[in-house]
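**Student:** 3D model of this:
(one chain, ligands or ions: 3)
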Amino acid sequence: MSSPERRHGLSTELPAAQQPTWPDRDALASAVAALESYPPLVFAGECDDLRDRMAAAAAGEAFVLQGGDCAETFADATADNIRDRVKTILQMAAVLTYGAGMPVIKMGRMAGQFAKPRSKDTETREGVELPAYRGDMVNDFEFTDASRTPDPNRLLRAYNASAATLNLVRAFTRGGFADLRHVHDWNRGFVANAANARYEGLAREIDKAMKFMAACGADFEAMKSTEFWSAHEALLLDYERPLVRVDSRSGELYSTSGHFLWVGERTRQLDHAHLDFVSKIRNPIGMKVSDKADTDELLRVIDLLDPQREPGRLTFITRMGAGKIREALPPILEAVSRSGASVAWICDPMHGNTFESASGYKTRDFDDVVEEVRGFFDAHREVGTVPGGIHVELTGNDVTECLGGAERILDGDLNRRYETVCDPRLNHQQSLELAFLTAEMLAQA
Ligand SMILES: O=C[C@H](O)[C@H](O)COP(=O)(O)O
Ligand SMILES: C=C(OP(=O)(O)O)C(=O)O
Ligand SMILES: [Mn+2]
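**Tutor:** Ligands and ions are numbered 1, 2, ... in the order given. Model prediction:
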């Protein structure tokens, strides 16, 4: 049996928060050995390319859009769901590209987002206490003892679901589905809906720009495909460590589970395993930063993860809450700027704005989401730093999980299609609205 402890010198000595307790250690060892033998999902050279793209975002020459489910599930990894999520991201990206006047780096919270940190280790329903759902990579959402018991075979199912998802994403984005002319037509359909009349002006401007490009003889054939990157939280170390590989070109370590990995708010302790793990891989990496982040601690994180101050290496994904960002973000931006690090800044307007609705659903209000993005742009303007992108939990489906938006989803509507197994996502319509509103902010930035 191979030993994950010694593989590539990736330590398992350090404490790691939010890891499951696998009851069957032999099954875990077999699953880890199988993962070690599987082909990489991404190639190191692609990760290098993405690092270059992220350097442009850090410098204000590109804008990042990261989007996808809070928690992917095996059952929902269907062609239709994947297509509709990619379509939503492409539509948002087209609008943002126009607003920003810059390339948009498109990244799915996809093909690996199968593990979740939780506030509590257990969940209690009607007096029955079971392990919390920790993502399909660990256990099943169904509330039974058997389903909630962590099962290491799920690590292999997660790998397979990620491989199938990434394969289809690559096919969609390279095989003609991403044609800018289709994407623009879809967006015309969106503004044709009377509820979205507010966005007609911007859509008309984009229409004119497309006609202008066509008249100038722009090569639309070259715009039939696009780069699209995979990203997920590097949470479950029994999945991440075995998928680390030595790049045959450089001898350096890369995660091959996704192009971009981030460390979450609950696992970013400086002396713990997750930051140590990402410090050892060459991929572009991110870390979530809440309003509770201490600036001295962030400077030490930079020294650990980006000692060479390499543009594109490190991204901070801020998630502070609409009511806190204007106060909490500027001092952090100032301190990080002074350190000389060239980090990319991305706004996650979701995780600081979660609350329980009167009817008991975990939800977010669309207005809070927009307000946090506005606060993000304002904070960067105030300090003179670069707002580099947004990070959104979304789906291409017409779910009812977040309140508000032009369709005015109310608390009483949430039960109609509340389908997430973890956090509430913007639906297709709300996602496009956010893109139009962010494009307006970018145009003014
Ligand atoms: O996306 C992540 C959630 O915010 C995290 O898993 C915590 O959720 P919980 O408070 O429902 O456990
Ligand atoms: C758990 C998540 O976020 P955070 O680490 O910011 O809480 C998430 O992105 O789903
Ligand atoms: Mn989430």
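**Student:** Show the contacting residues for whichever residue of the stretch 101-250 of the chain sits closest to ligand 2.
**Tutor:** Nearest to ligand 2, among the residues of the stretch 101-250 of the chain, is Pro117, at 5.3 Å (Cβ to the nearest ligand atom). Every C-beta, even on glycine, is put in place using the N, C-alpha and C of the backbone. Pro117 makes contact with Ala17, Gln18, Arg134, Glu233, Leu235, Gly264, Glu265, Arg266, Thr267, according to Cβ atoms under 8 Å, 6 or more residues apart in numbering.
**Student:** looking at the sheet around Tyr254, what are its partners?
**Tutor:** Arg245 (DSSP bridges).
**Student:** just His232 next, same as before
**Tutor:** Per DSSP bridges, the residues bridged to His232 are Leu261.
**Student:** Would you check that my belief about it contacting Gly112 is correct?
**Tutor:** Yes. His232 lies in contact with Gly112 (Cβ atoms under 8 Å); the separation is 3.6 Å.
**Student:** restrict the contacts of Pro117 to contacts with ligand 2.
**Tutor:** For ligand 2, the contacts drawn from the contacts of Pro117 by Cβ under 6 Å from any ligand atom are Glu233, Gly264, Glu265, Arg266.
**Student:** who are the neighbours in contact with the closest residue to ligand 3 within the stretch 1-150 of the chain?
**Tutor:** Among the residues of the stretch 1-150 of the chain, Cys70 lies nearest to ligand 3; the distance is 3.5 Å by Cβ to the ion. Going by Cβ under 8 Å, 6+ apart, Cys70 touches Arg109, Gln113, Lys116, Glu393, Thr420, Val421, Cys422, Asp423, Pro424, Arg425.
**Student:** any idea how far it lies from Ala77?
**Tutor:** Remark: distance between Cys70 and Ala77 (Cβ to Cβ, to the nearest Å) = 15 Å.
**Student:** swap in Phe355?
**Tutor:** Separation of Phe355 from Ala77 (Cβ to Cβ) stands at 29 Å.
**Student:** who's more crowded, these two?
**Tutor:** Of the pair Phe355 and Ala77, Ala77 is the one with more neighbours under other Cβ atoms under 10 Å, namely 21 against 12.
**Student:** What score does the more buried one have for pLDDT?
**Tutor:** Per-residue confidence for Ala77 comes out at a pLDDT of 98.
**Student:** do the same with the one 10 residues further on
**Tutor:** With respect to pLDDT, Lys87 has a value of 98.
**Student:** Just confirm Ala358 contacts Asp411, I think it does.
**Tutor:** Yes. The pair Ala358 / Asp411 is scored as a contact, 5.5 Å apart, by Cβ under 8 Å.
**Student:** Run through the helices of the chain in chain order.
**Tutor:** 25-37, 44-58, 79-100, 145-148, 153-174, 180-192, 200-215, 237-240, 273-280, 295-305, 325-338, 366-383, 428-444 (DSSP state H).
**Student:** For the ones you listed, give me a markdown table that also has mean neighbour count and distance to Glu401.
**Tutor:** A markdown table is the format used below for the helices of the chain (neighbours: other Cβ atoms under 10 Å; distance: least, Cβ to Cβ, whole Å):
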| stretch | mean neighbour count | distance to Glu401 |
| --- | --- | --- |
| helix 25-37 | 16 | 32 |
| helix 44-58 | 20 | 28 |
| helix 79-100 | 22 | 14 |
| helix 145-148 | 13 | 22 |
| helix 153-174 | 19 | 21 |
| helix 180-192 | 16 | 19 |
| helix 200-215 | 14 | 26 |
| helix 237-240 | 24 | 26 |
| helix 273-280 | 21 | 28 |
| helix 295-305 | 17 | 31 |
| helix 325-338 | 18 | 22 |
| helix 366-383 | 20 | 11 |
| helix 428-444 | 22 | 9 |
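**Student:** In CSV, list the ones you listed along with distance to Lys224.
**Tutor:** Below are those laid out as CSV (distance: least, Cβ to Cβ, whole Å):
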stretch, distance to Lys224
helix 25-37, 35
helix 44-58, 19
helix 79-100, 12
helix 145-148, 43
helix 153-174, 9
helix 180-192, 8
helix 200-215, 14
helix 237-240, 34
helix 273-280, 35
helix 295-305, 37
helix 325-338, 38
helix 366-383, 30
helix 428-444, 21
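**Student:** Looking at these, spot the one closest to Val246.
**Tutor:** In terms of Cβ to Cβ, the element of the helices of the chain nearest to Val246 is helix 44-58, at 9.0 Å.
**Student:** Return the member of the ones next to ligand 2 among the contacts of Pro117 nearest to Arg300.
**Tutor:** Of all the ones next to ligand 2 among the contacts of Pro117, Arg300 sits closest to Glu265, with 16.6 Å by Cβ to Cβ.
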